[in-house]
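> Got a predicted structure plus its sequence, pasted below:
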Amino acid sequence: MRCASPRGLHRIAYREWGDPRNERALVCVHGLTRCARDFDALAAALSDRYRVVCPDVAGRGDSEWLADPMLYQLPQYLGDMVTLVARLDVESVDWVGTSMGALIGMALAAQPNTPVRKMVVNDAGPVVSKASLERIATYVGMAPVFPDMATAEQYVRAVSTTFGPHTDAEWRFLTEVVVRRNDDGTLRLHYDPRLAEPFRANMPEKDLELWDLWDAIRCPTLVLRGAQSDLLTRETCDKMAGRGPKAKVIEIPGVGHAPTLLHADQIKLVREFLLS
């Protein structure tokens, strides 16, 4: 689909699961340097009840890169997702967002006349710790070239160790969906490295706070927190349970930032909340 920005039009790709005639739609949005394919397992598990739509956010996956890298920020992402919901031609959507995708969902759910009916916020919230932003800044925007898939997988495992334990097959999947092959046969990460420019330019001097968004949300909300997350603290979760949508909070042991929603127990938490 085509979306607008102050620098012109760009194409956003998305993957779709389930019956396209189903008026019950679920939008799943990935983290900062990830892609729509992250939700393959979750989408398959929910496609019996939903039309599941998983977009590649601008500059990632199969979506086009933006002409101006400083547009890789929440207002542009929000506008693109409004266009996506309009494209689906439904009155409302449920939302699952991981990290950046959760922040986009929060921004959309906070709008007057929002289409968001129910929301799952996966390891993000109205306080984003400075420590986690500094950790992410150590690798976002890097443009390494890998000679083979095994080397690429080593890199993904290293920068994604906070995802928690995964099988070899799961790590290979998490690698394969975010790399593309160059003409010479080497591999690269398939996102625009320039998205790091606004990320680093806007690095806060302290924790980033978005309570104004949270307090405007009224839809039923589930917060998933990796028990070892450095981005979403337990203290912030306690506050999220008491204000705004007064979210239900579930902590996932053995995981940092962020739960991948690849595992059956994590998928079950999302499914039970959305269908309750």
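Right, received. Where do you want to start? This is a predicted model, so every value here is computed, not measured.
> where in the protein is pLDDT low?
Applying pLDDT under 70 to the chain flags no residue at all.
> Would you mind splitting it into its domains for me?
For the chain, the structural domains run 2-138+208-275, 142-190, going by automatic domain parsing.
> hey, which of those is tucked in deepest?
Comparing the domains of the chain by mean neighbour count (mean count of other CB atoms under 10 Å), domain 2-138+208-275 ranks first with a mean of 19. To be clear about C-beta, it is placed using only N, CA and C from the backbone, and glycine gets the same treatment.
> Are there helices or strands packed against the helix or strand containing residue 133, and which ones?
According to DSSP states H and E, residue 133 maps onto helix 130-137. Helix 130-137 sits against helix 196-201, with contacts defined as 3 or more CB pairs under 8 Å, 6 or more residues apart in numbering; DSSP states H and E.
> Buried residues, the helix it packs on. List them.
196, 198, 199 (16 or more other CB atoms under 10 Å).
> Name every strand pairing with the helix or strand just after it and say which way it goes.
Elements were assigned by DSSP H and E; along the chain past helix 196-201, the next helix or strand is strand 208-209. Paired with strand 208-209 in the same sheet, following DSSP bridges, are strand 127-128 (antiparallel).
> chain center to the strand it pairs with, what's the gap?
On the basis of CA atoms, centre = their mean, to the nearest Å, strand 127-128 sits 15 Å off its chain's mean C-alpha point.
> Next: stretch 110-124.
In terms of CA atoms, centre = their mean, the centre of stretch 110-124 is set 13 Å apart from its chain centre.
> got the end-to-end distance for it?
Stretch 110-124 has an end-to-end distance of 15 Å (criterion: CA to CA, to the nearest Å).
> Relative to residue 154, how far out is the residue of the chain positioned farthest from its centre?
For the chain, the residue at maximal distance from the C-alpha centroid (CA atoms, centre = their mean) is residue 184, at 30.9 Å. Going from residue 184 to residue 154 by CB to CB, to the nearest Å gives 20 Å.
> I'm done for today, thanks for sticking with me.
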